[in-house]
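> only geometry, no sequence info:
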């Protein structure tokens with residue numbers, strides 16, 4: 001493990017401790033499930049950990065985590081930080097700094113993180129599915145406007161794109177409250193309970209077909225080792241990984257063996273509060289105060 005992975009593993013241990021204490025179901029998913037099954041831990045070049053929970057367990061986790069997580073571990077979502085414009089949550093180590101390019105312009109917690117996603121059902125009715133899609137599109141538009149406006153605000157850029165986002169966001173207040181848009185989307189997703197759905201979906205990660213999994217794939221989960229830690233992965237891990245990655249047992253070409261998070265700053269020795277945010281207002285060589 002590298003130092004970033006060690007930091008992320010420490011966060012994962014805190015999450016699992018709370019889940020075990022309250023009998024909450026969770027699964028390592030995406031590349032973390034692949035790493036657990038294939039490597040017994042991190043994919044060597046991976047730079048994150050992905051965890052998913054059935055919606056009810058996810059909500060129970062959110063209700064108790066704020067009090068039970070250590071002070072250095074911040075539970076981040078649109079409810080705790082309204083500027084955070086994604087579905088799902090991140091658990092962040094506030095003692096560190098990991099500024100993703102996508103979020104560098106937002107004045108939010110930028111500690112090293114692991115992702116926590118809720119699992120929701122999928123409507124089978126065509127009209128209900130169209131309504132859900134419309135809500136998703138509105139949420140995506142709100143997220144895009146928020147991020148683009150944050151990138152351009154404070155810059156002396158006279159461009160059509162910059163002025164357009166300024167007008168949409170500041171002039172008309174369009175999608176100004178992204179936290180509200182996240183809540184509306186989540187309220188719609190909650191209507192589709194897992195018990196009543198043949199398909200489970202991790203909407204917070206993607207809406208590609210690879211995320212629509214028969215509920216039997218998840219089931220009660222099965223146990224695997226992740227860097228010596230006993231973790232739960234989807235019950236039918238082979239089908240889950242095959243659906244997401246195809247021939248997951250094959251090795252990737254060398255040029256594809258790299259993490260997917262684009263970081264502006266990675267500092268495991270200093271907290272993100274030592275940096276000036278929004279990041280785009282920093283000097284070209286950001287440093288500490």
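Right, received. Where do you want to start? Keep in mind that what you see is a predicted model, and the values were worked out from it rather than measured.

> quick check: which element contains residue 183?
Residue 183 is located in helix 178-190, with elements delineated by DSSP states H and E.

> I'd like to check what contacts that helix. Which residues are they?
55, 77-79, 82-87, 118, 120, 131-132, 135-136, 138-139, 142-143, 146, 175, 203 (C-beta atoms under 8 Å, 6 or more residues apart in numbering). No exception for glycine: its C-beta is placed from N, CA and C like everyone else's.

> now the following helix or strand past it: average pLDDT?
The element immediately downstream of helix 178-190 (helix or strand, assigned by DSSP H and E) is strand 199-201. Across strand 199-201, the average pLDDT comes to 94.

> what packs against the following helix or strand past strand 199-201?
For strand 199-201, the following helix or strand on the C-terminal side (DSSP H and E) is strand 212-214. Of the remaining helices and strands, those touching strand 212-214 by 3 or more C-beta pairs under 8 Å, 6 or more residues apart in numbering; DSSP states H and E are strand 199-201.

> quick one: low-confidence ranges for this structure?
146, 148-177, 277-289 (pLDDT under 70).

> rerun at 50
Scanning the chain for pLDDT under 50 picks out 154, 156-158, 173, 280-289.

> can you tell me which strand in it is longest?
strand 112-121 (DSSP state E).

> ok now that one, how far from the chain's centre?
5 Å (C-alpha atoms, centre = their mean, to the nearest Å).

> before we move on, back to that, for the helix holding residue 183, which positions count as buried?
For helix 178-190, a neighbour-count test (16 or more other C-beta atoms under 10 Å) marks 178, 179, 181, 182, 185, 186, 188, 189 as buried.

> in JSON lines: these, plus distance to residue 15.
Putting the buried residues of helix 178-190 into JSON lines (distance: C-beta to C-beta, whole Å) gives the following:
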{"residue": "178", "distance to residue 15": "25"}
{"residue": "179", "distance to residue 15": "23"}
{"residue": "181", "distance to residue 15": "26"}
{"residue": "182", "distance to residue 15": "21"}
{"residue": "185", "distance to residue 15": "23"}
{"residue": "186", "distance to residue 15": "20"}
{"residue": "188", "distance to residue 15": "26"}
{"residue": "189", "distance to residue 15": "21"}
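
> okay, and residue 51 sits in which element?
strand 50-54.

> list the helices and strands whatever helix or strand comes next after that strand packs on?
Of the helices and strands lying after strand 50-54 in sequence (DSSP H and E), the nearest is helix 55-68. On a contact count with 3+ C-beta pairs under 8 Å, 6+ apart, helix 55-68 meets helix 3-21, strand 73-76, strand 112-121.

> helix 55-68: how far from the chain's middle?
That offset, for helix 55-68, works out to 16 Å (C-alpha atoms, centre = their mean).

> just want the angle from that helix to helix 178-190.
Helix 55-68 runs at 140 degrees relative to helix 178-190, counting by axes from the mean of the first three to the mean of the last three C-alpha atoms, to 10 degrees.

> if I look at residue 64, how far off is residue 57?
Remark: distance between residue 64 and residue 57 (C-beta to C-beta, to the nearest Å) = 11 Å.

> and the two? Which one has more around it.
The neighbour comparison of residue 64 against residue 57 (other C-beta atoms under 10 Å) goes to residue 57, with 19 against 13.

> by how many degrees do the strand holding residue 51 and helix 3-21 diverge?
20 degrees.

> circling back: filter the contacts of helix 178-190 to the buried ones?
Applying 16+ other C-beta under 10 Å to the contacts of helix 178-190 flags 55, 77-78, 84-87, 118, 120, 132, 135-136, 139, 142-143, 146, 175, 203 as buried.

> now do the strands in the stretch 151-289 of the chain.
199-201, 212-214, 222-226, 229-233, 263-267 (DSSP state E, counting those that start in this stretch).
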